[in-house]
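Participant: Compute the structure for the input listed below.
(4 chains, ligands or ions: 4)
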Protein chains: 2
Amino acid sequence: MLTIGKLGAKAGVKVPTIRYYEQIGLLPEAERSAGNQRLYGSKALERLAFIRHARDLGFTLEAIRDLLSLSDNPDQSCAAADAIAKAQLLEVENRLARLTALKAELERMVVQCAGGRIADCRVIEVLGDHSLCATDHLHPETEETP
Amino acid sequence: MLTIGKLGAKAGVKVPTIRYYEQIGLLPEAERSAGNQRLYGSKALERLAFIRHARDLGFTLEAIRDLLSLSDNPDQSCAAADAIAKAQLLEVENRLARLTALKAELERMVVQCAGGRIADCRVIEVLGDHSLCATDHLHPETEETP
DNA sequence: CCTTGAAGCTATAGTTGCTAGAGACATTAG
DNA sequence: CTAATGTCTCTAGCAACTATAGCTTCAAGG
Ligand SMILES: [Zn+2]
Ligand SMILES: [Zn+2]
Ligand SMILES: [Zn+2]
Ligand SMILES: [Zn+2]
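Facilitator: Ligands and ions are numbered 1, 2, ... in the order given. This is a model prediction of the structure:
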C-alpha cells in the first residue's frame, strides 16, 4: 500500500493533483489508514498512470473520464474509445496547423525588425496591423460551424 | 464615437471581453455618454485591434501589456519588444515540437487499433502504458530545470 | 519516551482569459 | 409611445490545476 506521496512519485503526478482527481470523481475514494491518510494499491497506480498518460497526450479530463469508464468494461466494442482518440487527433492537427501559421508569422516579424526605435519596430507595426501578415492565422473560436 | 458594440464589431472582439480588458487595465477607462455608456474613438479601436491581433498570435495578456506600454513611448529602443516576440516564437516552437510528437503518437494508436473489444483495443492499451509509445512526448512542466 | 521534521489532512482562494447570467437603465425603430 | 435592442454593474462559472493556512499523523533520532 502506497501513501499519496509515494503514489504521486511513482506516477509522476503531484499530490494535490491526485486529491483533485479524487474530488472530481476521476479516481475512486481512496482507502484510509487508521490515521485517516489515503492508501493506494496497484490498481490505483495503474489508473493514475493511465490518466497521466492521457493528459500528456492532450486528452481533456472529460475525455479521460469516458475512456476510463470504457476501459472498465472490457467486453464492449472499442469504437467509442477509438472515436475519442480520433477526435483528439483532429484537435491536435488543428492546433498544429494554427501554430505553424503563428510560427511563420512570428518569424517574419522577428526577422524583419532592424532593431532601432519602437517607432520603426516591425514587431510593433505588424501587431498593430494584421494586413501586414502573410497568413491568416485565425483564432480558432472565430471559425465555428454550428 | 463608437459604442462598445460597434467597437467590438469593428475589432472582432466581444463586448464583455472589452469590458474585461478595461477592468484589468489593458484598455484605459472609456469616456462615457450622458447615459453612462462607454464611448470610444479611433485610438481605442487601434489599441483594441493591437490587443486582438497579439492575442491571435498567442501572446499572453501580460506580454501584451508590456508591448502596449512599449509602443506608448516610440523613442525607446525596440529591444524589449523584440525580446518578447522572440520569447513567444520560442514558446510556439516548443509547443509545435510537442504537438508534433503527440500527433505521431495519436496516429500510431488510432492506426494500430483493429477495432474489436475494449480488451484488445490498442488505444486503451497504449494509454495505459507509455512504454508502448515511440516518442517521449513529455509534458512541459515535467522538465523544469530549477 | 520524547521531540522534531516531513508528510498528510481539510478547506478556501488564486491562476488565465474569458463567458454567462441576473436585473436595471438607455437608446432607437416603427 | 412602446417594444426591442443595447448597455450597465455585479456575480459566478469554465479547465485543470496550484498555493496557502492551520491542523494532525507518522517516522526517525537522541
Ligand atoms: Zn523591433
Ligand atoms: Zn496577423
Ligand atoms: Zn480500439
Ligand atoms: Zn506515451
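
Participant: Let me see the ranges of the strands in chain A.
Facilitator: A:31-32, A:38-39 (DSSP state E).

Participant: quick one: average pLDDT of the first one?
Facilitator: Right, strand A:31-32. Averaged over strand A:31-32, pLDDT sits at 97.

Participant: Check whether the top helix by length along chain A comes near DNA strand D.
Facilitator: Under DSSP state H, the helix in chain A containing the largest number of residues is helix A:79-112. No: judged by Cβ under 7 Å from any atom of the strand, helix A:79-112 stays clear of DNA strand D, getting no closer than 10.9 Å. C-beta here means a position set from N, CA and C on the backbone, and glycine is covered the same way.

Participant: got the angle for that helix vs helix B:79-112?
Facilitator: Counting by axes from the mean of the first three to the mean of the last three Cα atoms, to 10 degrees, helix A:79-112 lies at 150 degrees to helix B:79-112.

Participant: From the chain's centroid, how far away is helix A:79-112?
Facilitator: 13 Å (Cα atoms, centre = their mean, to the nearest Å).

Participant: re the thing from before, just put the strands of chain A in JSON lines and tack on mean neighbour count.
Facilitator: Output for these, formatted as JSON lines (neighbours: other Cβ atoms under 10 Å in any protein chain shown):
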{"stretch": "strand A:31-32", "mean neighbour count": "11"}
{"stretch": "strand A:38-39", "mean neighbour count": "18"}
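
Participant: Find the centremost residue of chain A, please.
Facilitator: For chain A, residue A:58 is the residue whose C-alpha lies nearest the centre (Cα atoms, centre = their mean; 3.4 Å).

Participant: neighbours of the closest residue to that one other than its chain neighbours, just the number please.
Facilitator: Once flanking residues are discounted, residue A:58 sits nearest to residue B:102: 5.5 Å by Cβ to Cβ, 6 or more residues apart in numbering or on different chains. As a burial measure, residue B:102 scores 22 neighbours (other Cβ atoms under 10 Å in any protein chain shown).

Participant: residues contacting residue B:102?
Facilitator: Neighbouring residues of residue B:102 by Cβ atoms under 8 Å, 6 or more residues apart in numbering or on different chains: A:57, A:58, A:92, B:137.

Participant: Distance check, it against residue B:135.
Facilitator: Residue B:102 is 9 Å from residue B:135, where distance means Cβ to Cβ, to the nearest Å.

Participant: same deal with residue A:8?
Facilitator: Counting by Cβ to Cβ - residue A:8 and residue B:135 are separated by 24 Å.

Participant: of these two, who's got more company?
Facilitator: Shown here are residue A:8 and residue B:135; by other Cβ under 10 Å, residue A:8 has more neighbours (20 against 13).

Participant: What number of residues are in the vicinity of the residue lying closest to that one once chain neighbours are set aside?
Facilitator: Residue nearest to residue A:8 in three dimensions, not counting chain neighbours: residue A:15, with 4.8 Å by Cβ to Cβ, 6+ apart. Using other Cβ under 10 Å, the number of residues around residue A:15 comes to 14.

Participant: Would you map the helices across chain A?
Facilitator: Assigned by DSSP H, chain A shows helices spanning A:4-11, A:15-23, A:42-56, A:61-71, A:79-112, A:122-127.

Participant: Out of these, the one nearest ligand 3 is which?
Facilitator: helix A:79-112 (4.3 Å; Cβ to the ion).

Participant: what's the angle from that closest one to helix A:42-56?
Facilitator: 40 degrees.

Participant: who's in contact with the residue nearest to residue A:8?
Facilitator: Going by Cβ under 8 Å, 6+ apart, residue A:15 touches A:4, A:5, A:8.

Participant: Would you list the phi and psi of the residue nearest to the centre of chain A?
Facilitator: In terms of degrees, to the nearest 10, the main-chain angles of residue A:58 are phi 90, psi 0.

Participant: what residues are up against it?
Facilitator: A:88, A:91, A:92, B:99, B:102.

Participant: Go again with 10 Å.
Facilitator: Listed by Cβ atoms under 10 Å, 6 or more residues apart in numbering or on different chains, the contact partners of residue A:58 are A:88-89, A:91-92, A:95, B:98-99, B:102-103, B:105-106, B:137, B:139.

Participant: count of neighbours near the residue of chain A found nearest ligand 4?
Facilitator: Taking Cβ to the ion as the measure, the point where chain A comes nearest ligand 4 is residue A:53, at 5.6 Å. Per other Cβ under 10 Å, the neighbour tally for residue A:53 reads 23.
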